[in-house]
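# 3D, please:
(2 chains)
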Protein chains: 2
Amino acid sequence: MAAALATESSSNVQEMLDIEQNKSNERAQWVLNAPKPPGFWQELVNSVRETFFPHRRKFKNEHDGFNLVFTFLHGLFPILHWCRNYKASKFRNDLMAGLTLASLCIPQSIGYATLAKLDPQYGLYTSVVPPLIYAVMGTSREIAIGPVAVVSLLLSSMIQKVQDPLANPIAYRNFVLTATFFAGIFQASFGLFRLGFLIDILSHAAVVGFMAGAAMVIGLQQLKGLLGIPHFTNKTDAISVVKANFILGCSFLCFILTTRYLGRKKRKLFWLPAIAPLVSVILSTLFVFLTRADKHGVKIVKHIDRGLNPSSVHQIQFHGQHVGEVAKIGFVAAIVALAEAIAVGRSFASIKGYRLDGNKEMVAMGFMNIVGSFTSCYVATGSFSRSAVNFRAGCESTVSNIVMAITVLISLEFFTRLLYYTPMAILASIIMSALPGLIDFNEFYNIWKVDKLDFLACIGAFFGVLFASVEIGLLVAVTISFAKIILISIQPGTEKLGKLPGTDLFCDVDQYPMAVKTPGILIIRVKSALLCFANANSVRERIMRWITEEEEEEEKESSQRKARKNTQLVLLDLSNMMNIDTSGLASLEELRKTLDSNGIELAIANPRWQVIHKLKMANFVDKIRGRIFLTVGEAMASCLGA
Amino acid sequence: MAAALATESSSNVQEMLDIEQNKSNERAQWVLNAPKPPGFWQELVNSVRETFFPHRRKFKNEHDGFNLVFTFLHGLFPILHWCRNYKASKFRNDLMAGLTLASLCIPQSIGYATLAKLDPQYGLYTSVVPPLIYAVMGTSREIAIGPVAVVSLLLSSMIQKVQDPLANPIAYRNFVLTATFFAGIFQASFGLFRLGFLIDILSHAAVVGFMAGAAMVIGLQQLKGLLGIPHFTNKTDAISVVKANFILGCSFLCFILTTRYLGRKKRKLFWLPAIAPLVSVILSTLFVFLTRADKHGVKIVKHIDRGLNPSSVHQIQFHGQHVGEVAKIGFVAAIVALAEAIAVGRSFASIKGYRLDGNKEMVAMGFMNIVGSFTSCYVATGSFSRSAVNFRAGCESTVSNIVMAITVLISLEFFTRLLYYTPMAILASIIMSALPGLIDFNEFYNIWKVDKLDFLACIGAFFGVLFASVEIGLLVAVTISFAKIILISIQPGTEKLGKLPGTDLFCDVDQYPMAVKTPGILIIRVKSALLCFANANSVRERIMRWITEEEEEEEKESSQRKARKNTQLVLLDLSNMMNIDTSGLASLEELRKTLDSNGIELAIANPRWQVIHKLKMANFVDKIRGRIFLTVGEAMASCLGA
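Residues are numbered from 1 along each chain as shown, chains lettered A, B, ... in the order given. Below is the predicted model:
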C-alpha cells in the first residue's frame, strides 16, 4: 500500500509538473503572440497628439461651440477660473505680499537696469507691464515677475558685441527691445507648439553652474560700480572718490547682508531682508542729499524719467544687418529666462501640491515679453529672490504681482524725483547682495556627490561663463549633457544574473552578492535600453568573453573535482532592452550562429514589446523557436527539465 | 474541536503570513544594503582595462619573459599558431581557392585601378603585397584582400578635389599613396589602442545604404567607360566609336551576368562566375588583337608596366599644404575599408563558428596598408565579392591569399604585355558586373520592415552619396544614427503594469492585454534607461497625467456604482532605469512632494544598482523609508496588507 501511495503521489507530482509545464508553455505563447506594437508612424502620431492635445478626453464631453470657446479662454486666462473664488481674506494676504515685493522690486529693478546698461527707469517699466500680463495669463501663484540679474547680464554682454552702449545708447536700447520682442515670440511659440521640452535641454546641473558663473561675472562687474571707478572727473582725488563710494557701498552691503542673516535665523523677520534694500536706498539718498556728497565724487543716479511706460513700438527693428544676430540673442534669452522662471515656478508648485502647466507658462511669458517690448520693457521673467520673498510673505495668487505693479507705477509717477541723489554704489551693493542666492554651494556639492558627469556639465557651464562668455558657457553645458546621454546609452552593459535564495528571482550578482549561479548555465542581462550599431558588437563580444571566463573558472575548479562541466546554455534576459535596430538584430543572429557551432544553446527571456516584434519580423523567433520565455525562472525550469 | 482547529489553522496562517512578511522585509533590506556600485573613476578604469587588456587573466599563468614574448608573437602573427597543424589536404583546397581567386582578382584589380584613376598595374600591385602581409597577421580565413570598388571610388572622388589626376598624374598618385599610408596608420592605431568600437559608428543600415549609393555612382561613371566617350579622336565617327565600345562591353557584361546566374542556380558551378571575367578579358583581347578594332575607335589598355612592385617610399609626402586634407581622406578611407572588411570577416566567421578579433584585424589591415603604401599599393581591404568566391571555393586558411598574390606576381612578371589590346570597355563591364552585389535590395526591404529610423539613415547615406558626395553620405548616415540614439534614449517612456493571471508577475498592459489592474493602485514602469534632464520632467508630467486619467475613468465607472475609489498608491517600477542624474532626482523628489500633498503614497520597486545608490546619496531613501521593495509583487503585498 505504501508503494501504491508512493506511485500515486509520484503520478500526482508528475501531473502537477505537467500542468505547470503547460502553463509555462501557455505563458511563452503570450510572449510570442503579443499584439503588434504601435508602428513608427503611429508612435509619431501618438507623440504629436500627446504633445499637442494632452487633455483631449476633456473635449469629448464638451464639444459644443460655446463650451469650446469657454474652455479655450479659461485655458488662456487662468484668472477667469480662480477669480470667482477669490475672497477678501486672500486679498489681504496678497496686498501685504505685493507691497513687500514692491519694496524689494524697486531698488532691484533700478540696479538690474544699470546691469543691462539701460537707464534706470527701464528697470521700473519692466516691473509694471509684464507682471500685469502674467497675472491674468500665468498659472504659478508665487512667481514674482520683473527684470532679473542673469538675463540683464546676458542681454548686455551679448548685445554689446553688436552695438556699443556708450557710443550710441539709443541704438543699443533699440536692439535690447528688439531682442525682447524676439524672446517673447520664441517663448510664446514654444508654448503654443507645445515645445516645452526644449527648455529641458538645460539640465539642473547646467543651470546651477550657469547661475553661479553668471553671478561671479556680475559680482566682478559690480565691484567696479561699488568702487565708482569708471567715471573719474579728475585724477587728483581718485583715491578719495574710490574711498567714499566704497565705504558707502560696503556699509550698506553689510547692512543688507545682516538683515538677510537675521531673516534666515527668525522666520518671522522675513520682511526685514525684503525691505532692507529700499531702506538702504532711502537712507543713502538722504545722506547724500544732506551732505551733498555728490560734490565730493560720490556718483549718483541723477535724473530718472517720470511717468508711465512710453510706447516703444517704433523702436523695434526688423530691418538692418543685425536682425539675425539679435534674433539669436532673443532665442538664448528666451531659453535662459524660461529656465529660471519654470525652475522657480515648479519648485513652489510642488511645495503647494498643484500642477504647473509648462506650455501655458511659456505662452504667458511670451505674451508678457511681446507686450513688454512694445512698452519699453526688456526681458522679464520670474526672479529667484523675489519669488521666495513673495512665497514667504504669504501670497495667495498672482494678485500680489498686480499690487506690486501698481505700486511701482505709482512710484514711477510720483517718486522718481526723490531718487535723484541715490548713490550708484548702493545699486551695486543691492545687486551684489542678491548674488549669493544664485551661487548654491550646497547643490554643487550634492551634484559632485551624486553624479560626476553631471558635475562636469555644471563646472563646464560655470567656467565657460566665467572665462569665455555666456553663450559659450551654455554651449559647453549642453554639449557635455548630450555627450553624456550618448555615452551612457551606448555603453555596452551586460551583467551576470544569479538566483536570489528563497525566491524565483534572478538578479545581478554584483548588486546582490547573495545570488547563486547555476553551473552550466550562463544567465546574462543586457543593460542597454537600445541594442544598436554602437554597442551591439561590444555586447556580443562581451557575452562571448563571459563564456570563456566561465569555462576557464570551471576548468580551474574541475581540475580538482575531475568533473568538467561546460556552459551548455546561454540565457539572455532582455527585460531592459526596449528597442533593437538592424545592427543589433544582425549581432544577435551572429551570436546565435557562433554559439550554435560551439554546441551551446541560446534562450531568450522576457523580450519587450518592440523587441519581440522585431525579432519576429527578422525571422529570429523561428530560428530559436521554443526557447523564448516569459521569465528567467520559467526558462530555467524548462531548460533544466529538458 | 472544529473551532479549536479553525483557531489553530488561523494562527498558523497568521504565523505563515508573519514569516512571509519578515522574509519580504529582509529582501527589502537587500535592496537597501547593496554594496556600493563602482564609482565614476572606478568604472572609467574598469572600462579602460577591459578595452586594453580583455584577456588579462591569461597572462597571470604565463608571466615569465619567454612565454610573454611567445604569446605576444602568437598574438601578432596568428600564422605561427595554425601553421603547425597545416596539412597537405588543406593546402590542396587553398591552392584551388587561391587560383580561382586570382582569375577573378586580376581583371578586377585592373578595373578598380582605373576607377581610382591610377595606371592599371597599381591595381595588380595592390593585389600582391597586402594579401601577403594579411596572410601572416590576419585572423579571418575567408577574407580576400585587394583593391575594392567603393574604396577606389572614395579615394579618387576625394583626392580629385586636392589634385586633378589629368593635369598632374604623378602628383595625384603621390597623394593616393600618402592617403594610403595615413589610412594604414589610422587602422593600425585603432587596433593597437583597441578603438575597435570606432568603426561601429557606421551602423549596418548606413553601410547598406552607403554601399548601394556608391555602387550607383560607380555604375553611372562606368557607363561613360562602357561607351568609350571621354577620348574621341575625331568627331566624324563618334557614333560608330560609341557603338563599337558599347556593343563589346555590353555583350561581355551579359556573358558575365549569365555565368553569375548559372553559378547561383547550381552551387557546383561556383567557379563559372569566378573565371568569367578573366575569360572575357582573354576573349575580348584576342578579338581586338585579331580584328585590330583599336584602329576603329575601340579604346584599349595599352602599355602596362612589367615587373614587381616598385618602391614608393619617397613618393609619400608629409610636407606641403595638403597634408592635413590627405590625412583626413586617409581617415575616411580607413573607416570605410575597415567597415567593409570586418563586416565580411564577421559574417564568414560566424558561419564557421570562430571568433574574429576586431582589434587584431585592424592591426593587420593597418600594417598591410602601411607596407602597401611603401610598395606602390593603394588602400586594400577585404572584398565582398572575392571573399564570397574564396569561401565557396573551399578555402581553409589565409594561404589562399598567398597563392593568389603569387599568381598575380607571376602575371605581373610575364603576362602584362598580353594585356596591351584589352579593351577598356571590358574593364568597365567587369566593374559593373560586381556592382549588383553591392546593392542589397533585400536588405533595404528588411531594414524598412524592421526599423523605420534605421531605414532613414540607410537612404540618407544612399542619397547623400548619390547626389552630394561620399563624405556627405557618410556624415548624413552617422548624424541620423546618433540623432536616433539620443531620440530613443530621452523619449519619456512610461507604461502601466498589470498582474498576469496565475503568476506573481506584473507586465505592461499593452503588451499583455490579459494583465489585470488593481483598483486604487497605479503601477507604472519607467521605460527609459536613463532618467535625465531631457526626459525627467516629461516622465513626471506623464505620471501625473496617468493619475488624472485613472481617476477620470474611475469616476465614470463609479458614477454608476456610487462607490468612488481614488488612486491611493503610485508604485514606480524602476527595473529598467539603469541610471539617474541630478535632474532626474529632483524630478522624483518633486513627484513625491506633489503626490504627498494630494494624499497619494509613492513606493518604489526594484531600483537598480546605480539608482538605489544615488537615491541613498540624495537622501531620497530616507524620505520614503519602508516603501522600497525588491519586486512589484512584494510591494503590492506589503501595501495591500497595510
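# residues contacting the residue of the stretch 151-300 of chain A found nearest chain B?
Distances from the stretch 151-300 of chain A to chain B, computed as CB to the nearest CB, single out A:S203 as the nearest residue at 3.1 Å. (Each C-beta comes from the backbone N, C-alpha and C, glycine too.) With contacts taken as CB atoms under 8 Å, 6 or more residues apart in numbering or on different chains, A:S203 has the following neighbours: A:D454, A:A457, A:A477, A:S481, B:C532, B:F533, B:A534, B:D581, B:T582, B:S583.
# make it 6 Å
Contacts of A:S203 were listed using CB atoms under 6 Å, 6 or more residues apart in numbering or on different chains, and they are A:S481, B:F533, B:S583.
# Most neighbours among these, which one?
Comparing those by number of neighbours (other CB atoms under 10 Å in any protein chain shown), B:F533 comes first, having 30 neighbours.
# any idea how far that one lies from B:I543?
Using CB to CB, to the nearest Å, one obtains 17 Å as the distance from B:F533 to B:I543.
# picking that back up, just the ones of the contacts of A:S203 in helices?
Here DSSP state H is the test, and the contacts of A:S203 give A:S481, B:S583 as lying in helices.
# Need the nearest residue in space to the residue of the stretch 151-300 of chain A closest to chain B, chain neighbours excluded.
The shortest distance from A:S203 to any residue that is not its chain neighbour, by CB to CB, 6 or more residues apart in numbering or on different chains, is 3.1 Å, and that residue is B:F533.
# Just list the residues touching the one you found, thanks.
Going by CB under 6 Å, 6+ apart, B:F533 touches A:D200, A:S203, B:S583.
# Look up phi and psi at it.
Phi and psi for B:F533, reported as degrees, to the nearest 10, are phi -50, psi -30.
# Per-residue pLDDT of it, please?
Confidence per residue is given as pLDDT, and for B:F533 that number is 82.
# same question, A:K224
76.
# what's the neighbour count on it?
Residue neighbour count, defined by other CB under 10 Å, stands at 11 for A:K224.
# show me where the stretch 351-500 of chain A has helices.
Shown for the stretch 351-500 of chain A, the helices assigned by DSSP state H, counting those that start in this stretch span residues A:358-374, A:384-392, A:399-414, A:424-434, A:441-450, A:452-463, A:470-490.
# Please enumerate residues in contact with the third one?
Residues external to helix A:399-414 that are found in contact with it (CB under 6 Å, 6+ apart): A:94-95, A:97-98, A:101-102, A:105-106, A:124, A:127-128, A:131-132, A:135, A:145, A:390.
# please redo it, this time with the cut-off set to 8 Å
For helix A:399-414, the surrounding residues in contact (CB under 8 Å, 6+ apart) are A:86, A:90-91, A:94-95, A:97-99, A:101-102, A:105-106, A:109, A:121, A:124-125, A:127-129, A:131-132, A:134-135, A:143-146, A:306-308, A:390, A:393.
# Using ChimeraX, define a selection of the buried residues within these.
With 16 or more other CB atoms under 10 Å in any protein chain shown as the burial test, the buried ones among those are selected in ChimeraX as follows:
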select /A:90,91,94,97,98,99,101,102,105,106,109,121,124,125,127,128,129,131,132,134,135,143,144,145,146,390,393
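# Keep only those of the contacts of helix A:399-414 that are in strands.
A:I145, A:G146 (DSSP state E).
# before we move on, back to that, is it possible to get a markdown table of the contacts of B:F533 that adds pLDDT and distance to B:E550?
Formatted as a markdown table, the entries for the contacts of B:F533 read as follows, by pLDDT from 0 to 100; distance: CB to CB, whole Å:
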| residue | pLDDT | distance to B:E550 |
| --- | --- | --- |
| A:D200 | 77 | 25 |
| A:S203 | 82 | 30 |
| B:S583 | 84 | 26 |
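# okay, the residues you listed in a markdown table with distance to B:I247 next?
Shown next, in a markdown table, are these (distance: CB to CB, whole Å):
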| residue | distance to B:I247 |
| --- | --- |
| A:D200 | 65 |
| A:S203 | 67 |
| B:S583 | 69 |
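# Among these, which one sits closest to B:E601?
For B:E601, the closest of the contacts of B:F533 turns out to be B:S583, at 23.8 Å, with distances computed as CB to CB.
# Am I right that the closest one is in contact with A:L202?
No - look at B:S583 against A:L202 with CB atoms under 8 Å: they stay out of range, at 9.4 Å.
# ok so, going back, now flag whichever of the contacts of A:S203 is closest to A:V281.
B:S583 (38.2 Å).
# quick one, what contacts that closest one?
Contact analysis of B:S583 by CB under 8 Å, 6+ apart lists A:D200, A:S203, A:H204, A:A205, A:D454, B:C532, B:F533, B:A536, B:N537.
# For chain B, see how far away A:N537 is.
A:N537 sits 6 Å away from chain B, going by CB to the nearest CB, to the nearest Å.
# A:F72 too?
Using CB to the nearest CB, one gets 20 Å for the distance from A:F72 to chain B.
# and that residue, how many residues sit next to it?
For A:F72, the number of neighbouring residues by other CB under 10 Å comes to 10.
# Next: A:L269.
Other residues close to A:L269 by other CB under 10 Å number 13.
# what does A:L220 give?
10.
# hey, where'd the helices end up in the stretch 201-350 of chain A?
Assigned by DSSP H, counting those that start in this stretch, the stretch 201-350 of chain A shows helices spanning A:204-227, A:238-265, A:271-291, A:323-352.
# what's the closest non-adjacent residue to the residue of the stretch 351-500 of chain A found nearest chain B?
When distances are taken as CB to the nearest CB, the stretch 351-500 of chain A reaches nearest to chain B at A:G353, 2.7 Å away. In space, and not counting its chain neighbours, A:G353 is closest to B:S597: 2.7 Å by CB to CB, 6+ apart.
# Relative to B:K616, how far out is that neighbour?
In this structure, B:S597 and B:K616 are 24 Å apart, going by CB to CB.
# residues contacting A:L571?
Applying CB under 8 Å, 6+ apart, the residues contacting A:L571 are A:I521, A:L522, A:I523, A:I524, A:A603, A:I604, A:A605, A:V632, A:A635, A:M636, A:C639.
# Could you rerun that using 6 Å?
Residues touching A:L571, when contacts are defined by CB under 6 Å, 6+ apart, comprise A:I523, A:A603, A:A635.
# How about A:A212?
Here A:A212 is in contact with A:I439, A:F462 (CB under 6 Å, 6+ apart).
# Find the nearest non-adjacent residue to A:A293, please.
What sits nearest to A:A293 in space, not counting adjacent residues and going by CB to CB, 6+ apart, is A:A244, at 6.6 Å.
# Would you mind confirming that that neighbour makes contact with A:V298?
Yes - contact criterion CB atoms under 6 Å: A:A244 and A:V298 qualify, at 5.2 Å.
# the more surrounded of these two?
Regarding A:A244 and A:V298, a neighbour count based on other CB under 10 Å identifies A:V298 as having more, with 24 against 20.
# circling back to that earlier point, buried deepest among the helices of the stretch 351-500 of chain A, which one?
Comparing the helices of the stretch 351-500 of chain A by mean neighbour count (mean count of other CB atoms under 10 Å in any protein chain shown), helix A:424-434 ranks first with a mean of 27.
# Run through the neighbouring helices and strands of it.
helix A:88-115, helix A:204-227, helix A:238-265, helix A:271-291 (3 or more CB pairs under 6 Å, 6 or more residues apart in numbering or on different chains; DSSP states H and E).
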